[in-house]
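[1] just the structure for this:
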Amino acid sequence: MDDLEKMKSGAWCHAIRPQIGEALRRTEELMFRFNQLPPSSTAEREAILRGLFARLGRDCIIHSPFHCDFGTQIAIGDHFVGNYNLTILDEAPVTIGNHVFIGPNVGLYTVTHALDAGQRNAGIMRSRPITIGDDVWIGGNTVVMQGVRIGSGSVIGAGSVVTHDIPAGVIAFGNPCRVVRPITAADRIETVL
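    Here you go, the predicted model:
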C-alpha cells in the first residue's frame with residue numbers, strides 16, 4: 001500500500017510523505033490555473049475540473065476561487081452550484097449528489113490531525129469520507145467535518161458546523177449543527193412571480 005492509499009484508507013498515517021506532497025503540488029498548480037481563468041472561459045475551466053475530479057456531472061458551476069487538496073477523490077452529480085471560496089479537503093472521498101447548492105465560504109474537511117502536539121507536528125492524520133445526498137442546500141460559511149453524511153433534501157443553515165450525520169428532509173443549523181425540524185409541505189412557496 002503506497003502513501004496515498006494509506007491516507008485514503010481512513011487509518012492514522014504519516015501525511016508528510018513525498019508522494020502526497022507531489023500530488024498536493026500538482027493539484028495546487030491546477031487550482032491556480034483554474035482560479036486565474038475568467039468566468040467566460042467555461043470550456044477551459046470545465047476541462048481542468050473534469051481532468052481532476054473523479055466525477056463531474058452535467059451543468060455544474062464552480063465559482064472562483066475554488067480550492068481542493070487532490071481533486072481525484074471528489075465526485076459531483078448533475079446541476080451542482082459551488083459558490084465563491086468553496087474549499088474541499090479531499091484526503092478521503094467527497095461524494096456530492098445531484099442538484100446540490102453550496103453557498104459561499106463553505107469548507108468540506110475530510111481530514112483531522114492528531115491531538116498530541118508531537119504526533120501532529122510529525123504529520124500524523126487520518127481522513128474519513130463526506131457524503132452529501134441529492135437536493136441539498138448548504139448555506140454560506142458552513143463547515144462540514146470528516147465522516148459526515150447529509151441526507152437528501154436537507155437544508156443546512158448558514159454558519160453551521162456539521163460534526164455528525166444529518167438525516168434526509170430536515171432543516172438543520174448551529175454550532176454544532178442540529179436538526180431543527182423536518183421540511184414539510186408548508187415550506188413550499190405557492191406564489192412565484
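
[2] for stretch 98-111, measure first residue to last.
    24 Å (C-alpha to C-alpha, to the nearest Å).

[3] let me redo that: stretch 154-174
    End-to-end distance for stretch 154-174: 14 Å, by C-alpha to C-alpha.

[4] again with stretch 49-61
    11 Å.

[5] ok, residues contacting the biggest helix by length in the chain?
    With DSSP state H setting the assignment, residue counts place helix 18-36 as the longest helix in the chain. The contact list for helix 18-36 (C-beta atoms under 8 Å, 6 or more residues apart in numbering) reads 2-4, 7, 45, 48-49, 51-52, 64-72. Placement of C-beta: from N, CA and C, glycine included.

[6] list the helices and strands the helix or strand following it packs on?
    Per DSSP states H and E, helix 18-36 leads on to helix 42-52 as the next helix or strand towards the C-terminus. Where contact means 3 or more C-beta pairs under 8 Å, 6 or more residues apart in numbering; DSSP states H and E, helix 42-52 is packed against helix 18-36, strand 55-56.

[7] of these, which is nearest I138?
    I138 lies closest to strand 55-56 among these, at 18.0 Å (C-beta to C-beta).

[8] list the neighbouring strands of the closest one plus their orientation.
    strand 74-76 (parallel) (DSSP bridges).

[9] now what about the helix or strand that the partner strand is followed by, what contacts it?
    Proceeding N to C from strand 74-76, the next assigned helix or strand is strand 81-82, under DSSP H and E. Under the criterion C-beta under 8 Å, 6+ apart, residues C60, I61, I62, H63, F66, V100, F101, I102, V106 lie in contact with strand 81-82.

[10] list only buried entries from the residues you listed.
    Buried residues within those, counting neighbours by 16 or more other C-beta atoms under 10 Å: C60, I62, F66, V100, F101, I102, V106.

[11] quick one, phi psi at the fourth one?
    Per-residue torsions, V100: phi -100, psi 130 (degrees, to the nearest 10).

[12] from what I can see it touches D135, true?
    Yes - with contacts counted by C-beta atoms under 8 Å, V100 reaches D135, the gap being 7.3 Å.

[13] what sits against the closest residue in space to I16 that isn't next to it in sequence?
    The shortest distance from I16 to any non-neighbouring residue, by C-beta to C-beta, 6 or more residues apart in numbering, is to G123 (3.4 Å). Neighbouring residues of G123 by C-beta under 8 Å, 6+ apart: H14, A15, I16, R17.
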